[in-house]
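> please find the sequence and the predicted model below.
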Amino acid sequence: MSSLATRPHQPPSEAPAARAALRRELRAVGRLAAPVALAQVGLLLTGTVDTMMLGRLSKEEMAAGALGHTISFAIFGPVMGLFFAIEALVTQAVGAGDRPRVARHFARMVVLALYISLPVIVLVIWLGPRLGWLGQAPELVPLAADYMRGVAPGVPGFFLFLVLRLVLQADSVVRPALIAVLLSNVVNVVANYALVFGGFGFPALGVYGSGLATSISRWSLFLILLAAAWRPLRTMMAGTLSWPLFVAALRPREHAATLRLGLPIALHNAAEFWVFSAVGLMMGSLGALQFAAHQIALNLASLTFMVPLGIASAAATRVGNAVGRLDGAGAQRSARVSLGLGAGVMAISALIFATLPALLARAYTPDLEVIVLAAALLPIAAVFQIADGFQVVAAGVLRGAADTTWAAAMALVGFWVVGLPLGAVLAYRYDYGPLGLWWGLTAGLVATACALGLRVRSRLGHPVAELRAERDAA
């Protein structure tokens with residue numbers, strides 16, 4: 001089999017067929033990626049709504065809610081990586097037409113979500129009153145702790161939603177998750193009105209009420225998705241899902257394959273989530289102006305990042321399905337199309353960032369100093385965008401190929417060995433300030449993207465049977 005980058009000469013009669021196959025693959029990836037990207041944007045809106053509604057109370061409560069949301073998600077993010085093992089295990093089982101194996105993995109993931117929820121809940125509640133250890137303002141700590149205490153009951157609902165969404169996505173069923181996200185945002189707005197301000201006769205609970213509203217919306221995510229996807233879920237399991245599977249999944253040894261693939265993804269997520277948290281703390285040490293400009297650039301980059309994140313999920317599904325049916329050419333085609341689409345989309349957003357930085361910054365603030373600094377950061381974010389889009393799609397391709405350890409190792413090296421130290425040197429030793437920190441992040445992302453691109457080329461150049469995760473996951 002040729003490597004990903006090697007495309008042997010095709011006879012003229014075969015070229016139209018190859019182009020048609022690429023067009024079909026592009027449509028398939030687009031149909032999967034668009035709803036996933038929209039769903040990711042919808043999930044981001046939950047925190048945005050909380051912040052906006054708390055802003056009507058006071059700036060302290062708004063800041064505390066944003067702090068509580070950021071810290072709690074910094075805990076959730078790495079843990080979520082465990083469930084992304086689905087993108088190898090279940091996609092390949094679907095591709096192989098092995099419905100009993102799909103059902104076994106689903107039962108194991110549901111039980112794992114419940115297992116993990118309890119320590120996460122305890123950690124979120126315990127950490128809230130201790131945010132002062134992270135150097136946070138004393139007046140914000142008790143309010144942020146209230147928010148985190150309110151968020152904690154929603155942890156199992158969110159993890160169960162994630163499991164169900166990823167299992168359905170493995171069979172290219174993505175619209176029910178988008179419906180669930182849209183409706184849960186309505187639930188969140190109504191619950192915030194009731195519990196933050198005391199609407200509909202409920203007590204006004206302020207920041208704690210906002211956290212409770214988020215918990216309610218996260219349980220609604222799971223329940224709405226379960227209702228919306230009941231029929232395709234039953235079809236997908238084809239009568240193979242039963243209570244004995246859930247009972248068997250209570251045994252810890254049942255989760256060996258999930259942990260083997262999922263722990264590196266959790267480590268990858270931790271490396272990425274926490275490096276941005278570290279840079280945020282470093283920006284705060286430079287001053288309020290620098291931190292505000294950084295937040296504007298980061299928020300814009302986060303919004304556009306949802307598109308390649310959706311493409312990465314589509315890539316994991318398409319590559320995993322192809323590997324499951326032992327279709328090496330199909331896996332390579334899916335990888336090429338996904339990587340090209342991710343880079344192309346981010347090139348467009350990079351062009352916008354590079355040419356309209358001041359206009360974009362003015363949408364966030366009228367403060368001229370903040371606008372000028374944010375406009376200086378956005379051209380760096382343009383370079384950052386292309387590397388970030390490529391590396392996240394490459395990681396999705398590798399998840400579909402059941403190759404997660406290399407991606408985690410490269411993320412650790414790229415972010416923590418290259419990016420953060422270089423950014424710190426540029427910011428503090430050479431006085432580049434926030435520009436230096438962003439150039440450091442960009443260098444880390446470029447290094448990670450190059451390493452993952454080479455790994456994709458190498459990995460998909462092996463016989464496709466070697467990529468089958470099921471051989472170790474019975």
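Now that the structure is in, tell me what you want to look at.
> wait, G206 touches P142, no?
No. Using CB atoms under 8 Å as the test, G206 is too far from P142 to be in contact (11.3 Å). All C-beta spots, glycine's among them, are computed from the backbone N, C-alpha and C.
> how many other residues sit next to L134?
With neighbours defined by other CB atoms under 10 Å, the count for L134 comes to 12.
> list the contacts of it.
For L134, the contacting residues are I71, L281, by CB atoms under 8 Å, 6 or more residues apart in numbering.
> what helices and strands are in contact with the helix or strand harbouring A322?
Under the criterion of DSSP states H and E, A322 resides in helix 288-324. If you count contacts as 3 or more CB pairs under 8 Å, 6 or more residues apart in numbering; DSSP states H and E, helix 288-324 packs onto helix 15-54, helix 86-95, helix 155-170, helix 256-286, helix 328-355, helix 357-362, helix 368-400, helix 433-459.
> most tightly packed of those helices?
helix 86-95 (a mean of 30; mean count of other CB atoms under 10 Å).
> let me know the angle separating that one from helix 155-170.
Interaxial angle of helix 86-95 relative to helix 155-170 (axes from the mean of the first three to the mean of the last three CA atoms, to 10 degrees): 40 degrees.
> ok, and what's touching helix 86-95?
Against helix 86-95 from outside (CB under 8 Å, 6+ apart): 99, 101-102, 105-106, 109, 163, 166-167, 169-171, 236, 257-258, 261, 313, 316-317, 319-325, 327, 396, 399-402, 404, 468-470, 473.
> one more: stretch 422-442?
275-276, 279, 282-283, 286, 290, 293-294, 297, 373, 376-377, 380-381, 383-384, 387, 418-421, 443-444.
> distance between that stretch and the chain's centre?
26 Å (CA atoms, centre = their mean, to the nearest Å).
> so where is this protein shaky, pLDDT-wise?
Scanning the chain for pLDDT under 70 picks out the ranges 1-15, 464-474.
> got the contact list for the spatially most central residue of it?
Nearest residue to the geometric centre of the chain (CA atoms, centre = their mean): L309, 6.5 Å. Contacts for L309 (CB under 8 Å, 6+ apart) come out as V36, A37, Q40, V392.
> in CSV, list the residues you listed along with distance to L54.
Putting the contacts of L309 into CSV (distance: CB to CB, whole Å) gives the following:
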residue, distance to L54
V36, 29
A37, 27
Q40, 23
V392, 30
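> which one of those is nearest to R218?
The shortest approach to R218 among these belongs to Q40, at 14.9 Å (CB to CB).
> for the residue nearest to the closest one when sequence neighbours are not counted, what are its contacts?
Spatial nearest neighbour of Q40, chain neighbours left out: M306 (4.4 Å); criterion: CB to CB, 6 or more residues apart in numbering. Applying CB under 8 Å, 6+ apart to M306 gives the contacts A37, Q40, V41, L44.
> could you export those residues as TSV, including distance to R455?
Shown next, in TSV, are the contacts of M306 (distance: CB to CB, whole Å):
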residue	distance to R455
A37	24
Q40	24
V41	29
L44	29
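> which among these gets closest to A229?
Q40 (17.7 Å).
> and that closest one, what is it in contact with?
M306, L309, G310.
> quick one: it and C450, what's the gap?
25 Å (CB to CB, to the nearest Å).
> next one: L373
29 Å.
> surely I116 meets F159?
Yes. With contact defined as CB under 8 Å, I116 reaches F159; the gap is 6.6 Å.
> give me the common contacts of the two.
With CB under 8 Å, 6+ apart, I116 and F159 have common neighbours V79.
> circling back to that earlier point, out of G206 and P142, which sits in the busier spot?
G206 (22 against 14).
> count the neighbours of the closest residue to E369 other than its chain neighbours for me.
Excluding the flanking residues, the one nearest E369 by CB to CB, 6+ apart is L289, at 5.6 Å. Around L289 there are 17 other residues, counting by other CB under 10 Å.
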